[in-house]
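[1] give me a model of this one.
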Amino acid sequence: MAEAVGFAASVIAIIDLYLQYSTAVGNATADIKLHPGTIPDDFIPERWLEGHEMSRGINLDDANAALTPYNVGSRSCMGQTLTKTELYLTVPRLVRQLDFRLSSEIKADDMYMKDLWAVQPKGRRLLLDIKPVDE
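    Residues are numbered from 1 along each chain as shown. Below you'll find the predicted structure:
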């Protein structure tokens, strides 16, 4: 394979595929998230913590860069800042005013997750008991 050259050159080499300059190249965000280096199929949130044994062998900067819920660049969501601000205001308010507990009706099978573009419980039910906090 020839040495890959910069974007200013007339030909760009990607693996063994040679593309003419100005050829549009892209990928789906889902493809990035399924890269084996991020251990995509296992629920291990600790792997994202710096210094944790599960984070060894994972480039955390690359892994965090793969998380693009609002997309990036010129096609990024214009409402991203507003959305994050609303979440920063709403979530603490809910946590202060409501008591969240797992429902007594919960079964292990109820919490099996199904991936249909967005992960959701298989039964599509919220299995929490939510009550106002006694003041």
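[2] got the contact list for the closest residue to residue 97 other than its chain neighbours?
    Among residues not flanking residue 97 along the chain, residue 133 sits closest, at 5.9 Å (Cβ to Cβ, 6 or more residues apart in numbering). (C-beta placed from N, C-alpha, C; glycine too.) Taking Cβ atoms under 8 Å, 6 or more residues apart in numbering, we find residue 133 in contact with 96-99.
[3] of those, closest to residue 106?
    Nearest to residue 106 among those: residue 99, at 16.2 Å, using Cβ to Cβ.
[4] the closest one: helix or strand, and which one exactly?
    According to DSSP states H and E, residue 99 maps onto strand 98-102.
[5] still on that earlier bit, as a markdown table, the contacts of residue 133 with distance to residue 61 and pLDDT would be great.
    Formatted as a markdown table, these follow (distance: Cβ to Cβ, whole Å; pLDDT from 0 to 100):
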| residue | distance to residue 61 | pLDDT |
| --- | --- | --- |
| 96 | 34 | 93 |
| 97 | 37 | 93 |
| 98 | 36 | 92 |
| 99 | 38 | 92 |
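[6] can you lay out those residues as JSON lines showing neighbour count and distance to residue 21?
    Shown next, in JSON lines, are the contacts of residue 133 (neighbours: other Cβ atoms under 10 Å; distance: Cβ to Cβ, whole Å):
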{"residue": "96", "neighbour count": "8", "distance to residue 21": "55"}
{"residue": "97", "neighbour count": "10", "distance to residue 21": "57"}
{"residue": "98", "neighbour count": "12", "distance to residue 21": "56"}
{"residue": "99", "neighbour count": "12", "distance to residue 21": "60"}
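[7] show me where the protein has its strands.
    Counting by DSSP state E, the chain has strands at residues 11-14, 17-20, 98-102, 113-116, 118-121, 128-132.
[8] so for the fifth one, mean pLDDT?
    In other words, strand 118-121. Strand 118-121 carries an average pLDDT of 66.
[9] I appreciate the help and will end here.
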